[in-house]
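[1] Structure for the following, please:
(4 chains)
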There are 2 protein chains.
Amino acid sequence: MRYTLRQLEVFLATARHGTLSQAAESLAMSQSAASSALRDLESQFEVLLFERVGKRLKINELGQYLQPQAEALLERARELEESLALGGAPGHLRVGATLTIGNYLAVGMLARFREDFPHADVSLNVANTSSIAEQLARFELDVGMIEGELSHPDLEITPWREDELVVFAPPGHPYTQLAAVSDEQLRNTTWVVREPGSGTRQAFDRAMAGILPELDISLELQHTEAIKRAVEAGLGLGCLSRICLHEAFRRGSLQPVAVPGRDFRRQLSIVMHRQKYRSAGLRAWLALCAEQRSGS
Amino acid sequence: MRYTLRQLEVFLATARHGTLSQAAESLAMSQSAASSALRDLESQFEVLLFERVGKRLKINELGQYLQPQAEALLERARELEESLALGGAPGHLRVGATLTIGNYLAVGMLARFREDFPHADVSLNVANTSSIAEQLARFELDVGMIEGELSHPDLEITPWREDELVVFAPPGHPYTQLAAVSDEQLRNTTWVVREPGSGTRQAFDRAMAGILPELDISLELQHTEAIKRAVEAGLGLGCLSRICLHEAFRRGSLQPVAVPGRDFRRQLSIVMHRQKYRSAGLRAWLALCAEQRSGS
DNA sequence: ATTATTATTCGGTTTATCCGATATAGATAA
DNA sequence: TTATCTATATCGGATAAACCGAATAATAAT
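    Here you go, the predicted model:
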């Protein structure tokens, strides 16, 4: 490995700024140093990355071809640098979770984790499934907890626990009295659900297969709390994960609606990079996950 | 960016071999040089990657934590190096395709491509969908052509053309005379199909939803030609992509079976890395793809 | 205790990196 | 055309890094 990350930095800065002087300035080095760094990179591989037309430097085809690869490489290098600089802390852990899991399951686990590692530096990143996958693939997260489906060559998906969506209504709603609500009745009401693209919505759409286009969806909201309040206010029936509703059912502010004819189950999963090293903190977290699975 | 790829090489070689001497030897450098490279890396970030117990170097937790990231980084660096060394060739193109597409569609396109770029250095890599995705994500391939479904944060999937599977039988088979074969009749015969995991099998399983567990699958083969020969020999009904069967139907060595009640369509897709630079060769290939789409 | 093995340290050489100054080339305006 | 501005390339020299070989120190095995 004869070339250096610095040389790539110079190459990319030059490609981005279009001029060597600006590139040099952005890297806090002299223009001459940048010039020779670029020359070294090019002569090492006996290629040209830029057309020299007079005083201008114009990136050529090979340069453009390599730019995204170099960009990706340097991005990883910066992440490794960060891991080196910050990763020394013991119990250091970065958890990613989707909205429902993050707000209802992960926070409790986080508190438990803090008991065992009082000085731990833990972060919880709430994002959608594909964004979590991306961060895991780049080692920006240690472990992810997702609801949706996912396939990624670098990631290992482990089924975690089963979840189910529950249809719910304000207390006293006629449907809450029924032992079984029919498809016909599902069609004859209005709905308040999560926005398309979210894992909860995916599961809802799947459960409603066949009658989905005929459902009257009056409101699509991004937050579970907002949906609950909208249903309380009588704007329609809601459908959310049981774990978001536990408290509201207990208090009686909302009531479940029985829909035995449809399958609202879904799988929650743990996602990690295949090559991930299981640090003490990560092992402790996975143990907490396993405990959650059995103990609910 | 103050650390170098060389330092990472020393770190990884030491982690792998467990001894600095062997690491140094594997990198064709002196023991002392390796020692100081490692020391430089550690002192730059003020961390320790190894426990020094007497004469032994034992990788510590932080080291193990960083090892896979460093490994991934260096892997990319080697690929970039290769691109730099070999990527200078004009018309250079690496195409990945799944078995059915690779053997029946891509070869013809490859021949056409060679006409336009007689000196082009083109490679066709036939592999399964997830392996192609992996190679695309690492910039080891320029473009992929797949049949299965795929979701990957770094990859861009573009629908290409529609394909359909066709149920077929040897000439004169009673089913070939029927205008519509029923589910009941599908159950009362034996089948010769592709192995589980292949895109063609996935599509077959999806098309047979509902009656799949009751089908009598007598043979699972990895090659389309083998399946065709097995069906010719009377071992059962086959089900393959229309593009594999065109020639056999024309010759009359096999005949299609009409199953209008089931949906055998599927989508073929073009896959590329989101950040991929479209070189002249790649643009020409994509143009060929677009031509194929309309002209069939 | 001796030997073999291994990491570290030290001196010295080669190589790389970087800066400042200077040379050069193209664009722009007088 | 000539002067000027701006940008890249190159040169000399200082500094730092990388590297080797040899010596040293530490440990495990004999």
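[2] which residues does A:Ala97 contact?
    A:105-106, A:124-126, A:132, A:144-146 (C-beta atoms under 8 Å, 6 or more residues apart in numbering or on different chains). The C-beta positions use only the backbone N, C-alpha and C, and glycine is treated the same way.
[3] mind putting those in JSON lines, neighbour count included?
    Listed next are the contacts of A:Ala97 as JSON lines, based on neighbours: other C-beta atoms under 10 Å in any protein chain shown:
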{"residue": "A:Leu105", "neighbour count": "22"}
{"residue": "A:Ala106", "neighbour count": "24"}
{"residue": "A:Leu124", "neighbour count": "16"}
{"residue": "A:Asn125", "neighbour count": "16"}
{"residue": "A:Val126", "neighbour count": "17"}
{"residue": "A:Ile132", "neighbour count": "28"}
{"residue": "A:Gly144", "neighbour count": "27"}
{"residue": "A:Met145", "neighbour count": "25"}
{"residue": "A:Ile146", "neighbour count": "26"}
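[4] export those to TSV and tack on secondary structure and distance to A:Pro171?
    Converted to TSV, the contacts of A:Ala97 look like this (DSSP: H, G, I helix; E, B strand; the rest coil; distance: C-beta to C-beta, whole Å):
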residue	secondary structure	distance to A:Pro171
A:Leu105	helix	26
A:Ala106	helix	29
A:Leu124	strand	33
A:Asn125	strand	36
A:Val126	strand	30
A:Ile132	helix	36
A:Gly144	strand	36
A:Met145	strand	32
A:Ile146	strand	33
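[5] quick one, phi psi at A:Val192?
    Backbone torsions for A:Val192, taken as degrees, to the nearest 10, come to phi -120, psi 110.
[6] swap in the one 10 residues further on?
    A:Gln202 adopts backbone torsions of phi -50, psi -50, taken as degrees, to the nearest 10.
[7] Just confirm it contacts A:Gly148, I think it does.
    Yes: assessed by C-beta atoms under 8 Å, A:Gln202 is found in contact with A:Gly148 at 5.6 Å.
[8] Flag every residue of the stretch 101-250 of chain A that's near DNA strand C.
    Remark: no part of the stretch 101-250 of chain A is in contact with DNA strand C, using C-beta under 7 Å from any atom of the strand.
[9] Show me where the stretch 101-250 of chain A has its strands.
    For the stretch 101-250 of chain A, applying DSSP state E, counting those that start in this stretch gives strands covering A:122-126, A:143-146, A:155-169, A:190-194, A:216-221, A:237-241.
[10] so can I have a markdown table of those showing distance to B:Trp160 and mean pLDDT?
    Listed next are the strands of the stretch 101-250 of chain A as a markdown table, based on distance: least, C-beta to C-beta, whole Å; pLDDT from 0 to 100:
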| stretch | distance to B:Trp160 | mean pLDDT |
| --- | --- | --- |
| strand A:122-126 | 35 | 91 |
| strand A:143-146 | 29 | 95 |
| strand A:155-169 | 26 | 93 |
| strand A:190-194 | 32 | 96 |
| strand A:216-221 | 32 | 93 |
| strand A:237-241 | 36 | 96 |
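[11] Nearest approach to A:Val257 belongs to which of the ones you listed?
    Closest of the strands of the stretch 101-250 of chain A to A:Val257 is strand A:155-169, at 4.2 Å (criterion: C-beta to C-beta).
[12] For the closest one, could you pull out the residues that count as buried?
    Across strand A:155-169, burial judged by 16 or more other C-beta atoms under 10 Å in any protein chain shown covers A:155, A:157, A:160-161, A:163, A:165-169.
[13] And stretch A:11-20, by the same measure?
    Using 16+ other C-beta under 10 Å as the test for burial, stretch A:11-20 gives A:11-15, A:17, A:20.
[14] That one near DNA strand C anywhere?
    No: under the criterion of C-beta under 7 Å from any atom of the strand, stretch A:11-20 makes no contact with DNA strand C; the nearest approach is 11.4 Å.
[15] circling back: quick check, nearest of the contacts of A:Ala97 to DNA strand C?
    A:Asn125 (34.0 Å; C-beta to the nearest atom of the strand).
[16] For that closest one, which residues are in contact?
    Contacts for A:Asn125 were tallied using C-beta under 8 Å, 6+ apart; they are A:94-97, A:132, A:135, A:141.
[17] Could you check how many residues crowd around the nearest residue to A:Leu235 once chain neighbours are set aside?
    Of all residues not flanking A:Leu235 in the chain, A:Val192 sits nearest, at 5.5 Å (C-beta to C-beta, 6 or more residues apart in numbering or on different chains). Residues lying near A:Val192 (other C-beta atoms under 10 Å in any protein chain shown) number 23.
[18] and if you look at A:Gly172?
    Counted by other C-beta under 10 Å, the residues lying close to A:Gly172 total 8.
[19] Tell me which of the strands of the stretch 101-250 of chain A lies nearest to B:Gln185.
    strand A:155-169 (37.5 Å).
[20] Restricting to C-alpha, output the closest one in CSV.
    Provided in CSV are the C-alpha atoms of strand A:155-169 (Å, rounded to 0.1, in the frame of the first residue of the first chain):
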residue,chain,number,x,y,z
LEU,A,155,-25.6,-7.2,7.8
GLU,A,156,-26.8,-10.1,10.0
ILE,A,157,-30.5,-10.0,10.9
THR,A,158,-31.5,-12.0,14.0
PRO,A,159,-35.2,-12.4,14.8
TRP,A,160,-35.8,-10.8,18.2
ARG,A,161,-39.4,-10.8,19.4
GLU,A,162,-42.8,-10.9,18.0
ASP,A,163,-44.9,-7.8,18.0
GLU,A,164,-48.4,-7.2,16.8
LEU,A,165,-50.4,-4.2,15.7
VAL,A,166,-53.7,-3.5,17.5
VAL,A,167,-56.7,-1.7,16.1
PHE,A,168,-58.0,0.7,18.7
ALA,A,169,-60.7,3.2,19.3
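[21] touching chain B at all, that strand?
    No: using C-beta under 8 Å from any C-beta of the partner chain, strand A:155-169 stays clear of chain B, coming no nearer than 9.7 Å.
[22] Now do that strand and strand A:190-194, the angle between them.
    Angle, strand A:155-169 to strand A:190-194, by axes from the mean of the first three to the mean of the last three C-alpha atoms, to 10 degrees: 150 degrees.
[23] who does strand A:155-169 pair up with?
    strand A:237-241 (antiparallel), strand A:255-257 (antiparallel), strand A:265-273 (antiparallel) (DSSP bridges).
[24] of all those strands, which has the lowest average per-residue confidence?
    Among the strands paired with strand A:155-169, strand A:265-273 carries the lowest mean pLDDT, at a mean of 92.
[25] Any residue of stretch A:68-88 touching DNA strand D?
    No: Stretch A:68-88 stays clear of DNA strand D (C-beta under 7 Å from any atom of the strand), getting no nearer than 14.7 Å.
[26] Could you confirm whether that stretch reaches chain B?
    Yes: interface with chain B: stretch A:68-88 contributes A:68-74, A:76-81, A:83-85, A:87-88 (C-beta under 8 Å from any C-beta).
[27] quick one: that stretch to chain centroid distance?
    Computed by C-alpha atoms, centre = their mean, to the nearest Å, the chain-centroid distance of stretch A:68-88 equals 19 Å.
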